[in-house]
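Novice: prediction below, plus the sequence it came from.
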Amino acid sequence: MNQFNLVRIASLLAVAGMLVAGCRKPDGPDGNGKVKVTGVDISPSVLTLTPGTESSVTVSLTPEDATEQRVRLTSSNSDVLLLGEEKARSVTLNAGEIPVLAMAPGNATISVETLDGNFKASCTVTVKDGTVFVKGITLSPDELILQMSGSPVRLTATVTPLDATEKSVSWMSSNEKVATVKDGLVTAVDEGEAVVWAIARDGSGVRGSCRVIVEADLMAVDLGLKVYWANVNVGADASSGCGDYFAWGETAPKTQFAWDTYAFGIESALTKYTGTATPVLSQDDDAARKILGGRWRMPTVEEMNDLRNQCSWSWSSRNGQAGFLVTGKSGRSIFLPAADSYLSSYNPKPGKEGVYWTSSLYGSLPSRAWMLKFTASEAKTSYSDRCYGHSIRPVLDKQ
């Protein structure tokens, strides 16, 4: 075979090879044997969890047989949500089911990005605490008046809503030099004011408060009148206390009040204070002087009328006890509890009425004496049978 034929055969083989190569199927869609990613999806697109909950999202690629299956996932808030078995803020994993872990209440977004083509998708995650938080705390009473030597008083904390998961509270006093509190029990330390708080332990920061006023055991209050008025009833250890009950002219408390138990005879046969010659109790028969000592005494009807007519009277409550807050021209106040009375077989039911003895005899009827009587709607001086048991609020002469 000559050289010309050899060259011709070589040329024909080269052309044939080129024809065969042109008819061969490529290795993949891109001609390089790889299936390209054309899209990505994450399901669900919205997810609600509770703290500590492990769940998952599903990442799907289009097409499903894409060669590069890896995706990058990122949590926008690692305090709220972590991703993958690694529990990390950002992970690179194959598409499919991806574990997620809810950490704390809040919002986070899971962002997905394919490594091939940088296609993106996202899922919005809300983590809601399954705990029902406290929304309000009410203390009862919300104002507390204590005497320094009085007994501790326990406050009651009412938590709302009723289905709050954690109802317990911690207690705190704003001024432990005035009052301390432990498990709701408030103890007076010294004169002054403090605020006691009950604070929710569920982390909500909700608190309820009670104003605490600590008074001296027995204090003379200047209302701007002719005499000082005591801050407490005889026999009471706080301004809200009803104290003891006394028949007029008797100096010892008791619980049976009738003419047949009266120290100075019966209505028709009195043995003392029988007329106008002695219109005011003597010191020996003045319960305030006998029990409290010093210069303390019962007020006269004139002094009681001054209290009634020269002060402002406001129906209110202290330590859960109803009564009148009486404020004088000086701006200072005393509280008169509605202690009610003993009337023969009737026992007092405090809360609606207050009756306070004066030291003054009711002149035209010696079996009766002047008193102050009040309800929520009015207060006036009147008279009562001397044998009945009423409260006493002492006064002190100004010097």
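Specialist: Noted; the coordinates are in hand. Residues are numbered from 1 along each chain as shown.

Novice: what helices or strands is the helix or strand containing residue 309 leaning on?
Specialist: Assessed by DSSP states H and E, residue 309 sits inside helix 301-310. If you count contacts as 3 or more C-beta pairs under 8 Å, 6 or more residues apart in numbering; DSSP states H and E, helix 301-310 packs onto strand 354-361, strand 368-374, strand 379-385. Backbone N, C-alpha and C define where each C-beta goes, glycine included.

Novice: how far does the second one sit from its chain's centre?
Specialist: Okay, so that is strand 368-374. Counting by C-alpha atoms, centre = their mean, to the nearest Å, strand 368-374 is centred 41 Å from the centre of its parent chain.

Novice: and if you look at the last one?
Specialist: For strand 379-385, the gap between its own C-alpha mean and the chain's C-alpha mean amounts to 41 Å (C-alpha atoms, centre = their mean).

Novice: what ranges do the helices span in the stretch 201-350 of the chain?
Specialist: For the stretch 201-350 of the chain, helices defined by DSSP state H, counting those that start in this stretch occupy the ranges 287-292, 301-310.

Novice: same list (those helices) but as CSV, adding mean pLDDT and distance to residue 134.
Specialist: Below are the helices of the stretch 201-350 of the chain laid out as CSV (pLDDT from 0 to 100; distance: least, C-beta to C-beta, whole Å):
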stretch, mean pLDDT, distance to residue 134
helix 287-292, 97, 46
helix 301-310, 97, 45
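
Novice: pick the most deeply packed of those.
Specialist: Neighbour counts (mean count of other C-beta atoms under 10 Å) averaged over each of the helices of the stretch 201-350 of the chain peak at helix 287-292, with a mean of 21.

Novice: same for it, what does it pack against?
Specialist: Secondary-structure packing of helix 287-292 (3+ C-beta pairs under 8 Å, 6+ apart): strand 296-297.

Novice: the strand it packs on: how far from the chain's middle?
Specialist: 41 Å.

Novice: quick one: contacts of it?
Specialist: Outside of strand 296-297, the residues within contact range by C-beta atoms under 8 Å, 6 or more residues apart in numbering are 218, 230, 283, 286, 288, 289, 359, 394, 395, 396, 397.

Novice: neighbouring strands - and their directions - for it?
Specialist: strand 395-397 (antiparallel) (DSSP bridges).

Novice: what residues sit buried inside the strand it pairs with?
Specialist: 395, 396 (16 or more other C-beta atoms under 10 Å).

Novice: so what's the gap between it and the chain middle?
Specialist: Distance of strand 395-397 from the chain centroid (C-alpha atoms, centre = their mean) equals 40 Å.

Novice: JSON lines for the helices and strands packed on helix 301-310, including mean neighbour count, mean pLDDT and distance to residue 61?
Specialist: Shown next, in JSON lines, are these (neighbours: other C-beta atoms under 10 Å; pLDDT from 0 to 100; distance: least, C-beta to C-beta, whole Å):
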{"stretch": "strand 354-361", "mean neighbour count": "26", "mean pLDDT": "97", "distance to residue 61": "85"}
{"stretch": "strand 368-374", "mean neighbour count": "22", "mean pLDDT": "97", "distance to residue 61": "86"}
{"stretch": "strand 379-385", "mean neighbour count": "17", "mean pLDDT": "96", "distance to residue 61": "87"}
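
Novice: need the ones you listed in a markdown table (columns: distance to residue 249).
Specialist: Supplementary listing: those in a markdown table, determined by distance: least, C-beta to C-beta, whole Å:
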| stretch | distance to residue 249 |
| --- | --- |
| strand 354-361 | 9 |
| strand 368-374 | 8 |
| strand 379-385 | 12 |
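
Novice: out of these, which comes closest to residue 187?
Specialist: Residue 187 lies closest to strand 354-361 among these, at 28.3 Å (C-beta to C-beta).

Novice: which of the helices and strands packed on helix 301-310 sits closest to residue 67?
Specialist: Closest among those, once you apply C-beta to C-beta, is strand 354-361, at 93.5 Å.

Novice: packing partners for the closest one?
Specialist: Applying 3+ C-beta pairs under 8 Å, 6+ apart, we find strand 354-361 packed against helix 301-310, strand 333-337, strand 368-374, strand 379-385.

Novice: can you give me the strands for the stretch 101-250 of the chain?
Specialist: 106-114, 120-127, 136-140, 143-147, 153-154, 156-160, 169-173, 179-182, 185-188, 192-200, 207-215, 220-221, 227-230 (DSSP state E, counting those that start in this stretch).

Novice: hey, least reliable of the ones you listed by pLDDT?
Specialist: When the strands of the stretch 101-250 of the chain are compared by mean pLDDT, strand 143-147 comes last with a mean of 87.
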